[in-house]
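Engineer: Starting from these lines, generate the structure:
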Amino acid sequence: MSVLIHRKSNETLMKRMLVLCVAFTVLSCMEQETLVPSGSQLLRNIDLSNSLDNVSPWTSVAAVPFIVGVSDEEYFTGNRSLFLEGTDSLARSSVAWVQHYTGPMPNGNRRLRLRAMIKGEDIRLNSVNSNVWMTIRAWPAEGAGGTIGRSVTSQRSNFIEGTFDWTPFELTLPNFPSDANRISVFLVMGPRTTGKIYFDNITLTVE
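Structural biologist: The predicted model follows:
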């Protein structure tokens, strides 16, 4: 009799373990599905043509004396582009277009690649801080390892000036932080920069 009870106890334990294993597997699959796979494109309205009324979710951070706007005359694809224009060689502020992504996040340590087509008209850099650049920032801005690896910018590595036709430009964030809950993309014209820069086909891809 005691042997029979012992066997039934073993069978019950094995069934419970099997149920737990299945539940763990299902939860693991669900967790993997909520993470963004390689090859995913995170930005919306990449050619600025989703609506005739606005370029949402792109928003501008305007600053006098810069001009920030949307052009329906200059574009690479679709029917519009974003632009930033500097008119004062002594301007101390910056101006930018920005988009924030708050959907499912990529796996930690994935690479994010920001690409855009840009076109310049008489861009001049009138100080050491002048430039046109792109930035990728993962939030929160500081994690367990501090701020290192949570933001990357082309501000001091690629200097853009002169007049040129549509040209590809890109920037990479090598190791996406696993605790990030928001990603921001900035398209910036810095202080004392004059001329006009257009942006089109702006993508942020998980690799």
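Engineer: Just name the shakiest helix or strand of this protein by mean pLDDT.
Structural biologist: helix 2-34 (a mean of 49; mean pLDDT, DSSP states H and E).
Engineer: And the next helix or strand past it?
Structural biologist: Later in the chain than helix 2-34, the nearest helix or strand by DSSP states H and E is strand 59-61.
Engineer: what's the neighbour count on the closest residue in space to D165 that isn't next to it in sequence?
Structural biologist: Among residues not flanking D165 along the chain, K119 sits closest, at 6.1 Å (C-beta to C-beta, 6 or more residues apart in numbering). Backbone N, C-alpha and C define where each C-beta goes, glycine included. By other C-beta atoms under 10 Å, 20 other residues sit near K119.
Engineer: Centre of the chain to the host helix or strand of K119, how far?
Structural biologist: Using DSSP H and E, K119 sits within strand 112-125. Centroid separation for strand 112-125 versus its chain: 16 Å, with C-alpha atoms, centre = their mean, to the nearest Å.
Engineer: Name the SS class of the residue most central in space within the chain, please.
Structural biologist: For the chain, the residue sitting closest to the mean C-alpha position, by C-alpha atoms, centre = their mean, is V185 at 4.4 Å. The three-state label given to V185 by DSSP: H, G, I helix; E, B strand; the rest coil is strand.
Engineer: wait, doesn't it sit right on I46?
Structural biologist: No: using C-beta atoms under 8 Å as the test, V185 is too far from I46 to be in contact (10.7 Å).
Engineer: what touches both of these two?
Structural biologist: I202 (C-beta atoms under 8 Å, 6 or more residues apart in numbering).
Engineer: What are the buried residues along the helix or strand following the strand holding K119?
Structural biologist: For strand 112-125, the following helix or strand on the C-terminal side (DSSP H and E) is strand 132-139. Buried residues in strand 132-139, counted by 16 or more other C-beta atoms under 10 Å: V132, W133, M134, T135, I136, R137, A138, W139.
Engineer: Output the below-cut-off pLDDT ranges for this structure.
Structural biologist: Scanning the chain for pLDDT under 70 picks out 1-34.
Engineer: repeat that with 50
Structural biologist: Applying pLDDT under 50 to the chain flags the ranges 1-5, 19-33.
Engineer: Could you measure from the nearest residue to E121 once chain neighbours are set aside over to L171?
Structural biologist: Leaving aside its chain neighbours, E121 sits nearest to K196 (4.3 Å; criterion: C-beta to C-beta, 6+ apart). The gap separating K196 from L171 is 21 Å, by C-beta to C-beta, to the nearest Å.
Engineer: now swap in T193 and tell me
Structural biologist: For T193 relative to L171 (C-beta to C-beta), the value is 18 Å.
Engineer: Kindly report the same for R113.
Structural biologist: 8 Å.
Engineer: Comparing these two, which residue is more hemmed in?
Structural biologist: L171 (20 against 15).
Engineer: what packs against the strand or helix carrying the more buried one?
Structural biologist: Applying DSSP H and E as the criterion places L171 in strand 162-173. On a contact count with 3 or more C-beta pairs under 8 Å, 6 or more residues apart in numbering; DSSP states H and E, strand 162-173 meets strand 112-125, strand 132-139, strand 151-153.
Engineer: That'll do, ta.
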